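Enquirer: one predicted model, sequence on top.
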Amino acid sequence: MNNIVDKLHSLFNSAKTNDSFETEQKILKIRVLKIPLRSETWWSSMFHVLGVICSRFKPIMLTLMKRVGDDDNAALTAGGLYHKMACDEFIINCVVLRKALATIHSLSEYLQGASIEWHHVAHDIRACKSMISQFGNEMSVAEMLEHAEEISTDCCILLNVTSPVNMTRNSTEHVDYLSHIQSFSTKVCHKVLAELRLRFLDTGMELLKGIDGLNSTSQKYLKRKTLSKLIAHYDDVLDVNETLLNAELAKYHMFANSGSGIATMDPAFYPNLMKLFNLKRSLPESSAEAERTFSTIKRVKTQQRNRLDDTRLSELCLLACEKELTKALSINSTIEIFNLSKRRGPL
């Protein structure tokens, strides 16, 4: 699938093929689209690529047919792509993969933003995992099959995975397309869930749930059960007296329910609760966009440029905690000190 998508973009990025593709879309009186390039944000970019392939499958195939007749090197590529795409299995795989990526598209887009709120991410991650786990049920399979049939009918490609082109040389059994959809859906689900579990560990998710208890917009705001996850994780650092914390929470909820002026209450009367809020403020946050921006600084050649390890995160956390001191620093003086330094590796 990745190889076909990359070759499609490479072929349709040429002026001759692109002009032909635009012409076919204009003849069909549909909005002109281009096949985008897959980027390092794989989930998002692949979703957009598959969207163009599924919605413009017929003009893509017509363009490939025209390019096959040309006398150039691209004709061989066009012929190979046409043979691989004029296949019911390819159509079904595109539809299934696009629908699966749609469930995590909003999460992927949010994580690419300039700033993120982790308590919002926690809710979306749990929702995505739940949706992916239910992906491939009877209703979902019927919907994907209907979409694949629309594409195949429009291009006069029989939607039947029992065709010889989809059978191995040693195979003597026909494969039903419903079984193929369910099988491929299961593979996609396992792959996506494995990736989500790898990137968002269970321990980290429990920590995010605890942080959600310190989010004033959450229904779990200052709930003892939610905060207990955070206290258990940072027990050796926070030194929170849980008995006093329970009393502080009870006092807070008493004022909150009575409608008294909570905003004017002195934090000094809530020392254990303030430890949790200070912890939340000290936790560093970094989005994918921030890391990619940092990685594009080609002039600074260091080992730490392309990764966020514990050392760098600790230093960023320290800078965030001492932001009042960093604001007072003179940028020009710092640059001068850096220029006079003989070794610049630790930057």
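Expert: Sure thing, it's come through. Numbers count the residues shown, from 1 in each chain.
Enquirer: from here on, contacts and neighbour counts on C-alpha atoms
Expert: OK.
Enquirer: where does pLDDT dip in the stretch 1-150 of the chain?
Expert: Low-confidence segments of the stretch 1-150 of the chain, defined by pLDDT under 70: 39-41, 113-119.
Enquirer: excluding chain neighbours, what is closest to Lys223?
Expert: Distances taken as Cα to Cα, 6 or more residues apart in numbering place Gly213 nearest to Lys223, at 6.2 Å, with adjacent residues excluded.
Enquirer: need the contact list for Ile53.
Expert: Ile53 makes contact with Ile35, Ile60, Cys94, according to Cα atoms under 8 Å, 6 or more residues apart in numbering.
Enquirer: would you map the strands across the chain?
Expert: Secondary structure of the chain (DSSP state E): no strands located.
Enquirer: show me how it divides into domains.
Expert: 2-199, 202-282, 297-340 (automatic domain parsing).
Enquirer: the residue nearest to Lys223 - how many residues pack around it?
Expert: Counted by other Cα atoms under 10 Å, the residues lying close to Gly213 total 24.
Enquirer: okay, it: pLDDT?
Expert: For Gly213, the model assigns a pLDDT of 83.
Enquirer: in contact with it, which residues?
Expert: By Cα under 8 Å, 6+ apart, the contact set of Gly213 is Lys220, Tyr221, Leu222, Lys223, Thr226, Leu227.
Enquirer: one more time with 10 Å
Expert: By Cα atoms under 10 Å, 6 or more residues apart in numbering, the contact set of Gly213 is 119, 219-230, 276.
Enquirer: what sits against the residue lying closest to Cys94 once chain neighbours are set aside?
Expert: The spatial neighbour of Cys94 that comes closest, neighbours along the chain excluded (Cα to Cα, 6+ apart), is Leu50 at 6.3 Å. Under the criterion of Cα under 10 Å, 6+ apart, the neighbours of Leu50 are Val5, Ile35, Pro36, Arg56, Phe57, Asn93, Cys94, Val95, Leu97, Arg98, Lys99, Leu101.
Enquirer: any idea how far Ile181 is from the spatially closest residue to the third one that is not a sequence neighbour?
Expert: Just to be clear, that refers to Pro36. Once flanking residues are discounted, Pro36 sits nearest to Val49: 5.8 Å by Cα to Cα, 6+ apart. From Val49 across to Ile181, the span is 20 Å (Cα to Cα, to the nearest Å).
Enquirer: the nearest residue to Tyr82 once chain neighbours are set aside: how many residues sit nearby?
Expert: Counting by Cα to Cα, 6+ apart, Leu64 is the residue found nearest to Tyr82 once chain neighbours are left out, at 6.1 Å. When neighbours are defined as other Cα under 10 Å, Leu64 has 26 of them.
Enquirer: next one: Leu64 from Lys29, what distance?
Expert: Between Leu64 and Lys29 the computed distance is 19 Å (Cα to Cα).
Enquirer: do Val5 as well
Expert: Distance of Val5 to Lys29, computed by Cα to Cα: 25 Å.
Enquirer: compare the two (neighbour count), which wins?
Expert: Just comparing Val5 and Lys29: by other Cα under 10 Å the higher neighbour count belongs to Val5, 19 against 9.
Enquirer: what residues are up against the more buried one?
Expert: Leu11, Ile35, Pro36, Leu37, Arg38, Met46, Val49, Leu50, Ile53, Leu81.
Enquirer: could I get these in TSV, plus columns for distance to Cys155?
Expert: Shown next, in TSV, are these (distance: Cα to Cα, whole Å):
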residue	distance to Cys155
Leu11	20
Ile35	19
Pro36	22
Leu37	24
Arg38	25
Met46	22
Val49	19
Leu50	17
Ile53	13
Leu81	15
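Enquirer: what about the residues you listed, which are in helices?
Expert: Those of those mapping onto helices are Leu11, Met46, Val49, Leu50, Ile53, Leu81, per DSSP state H.
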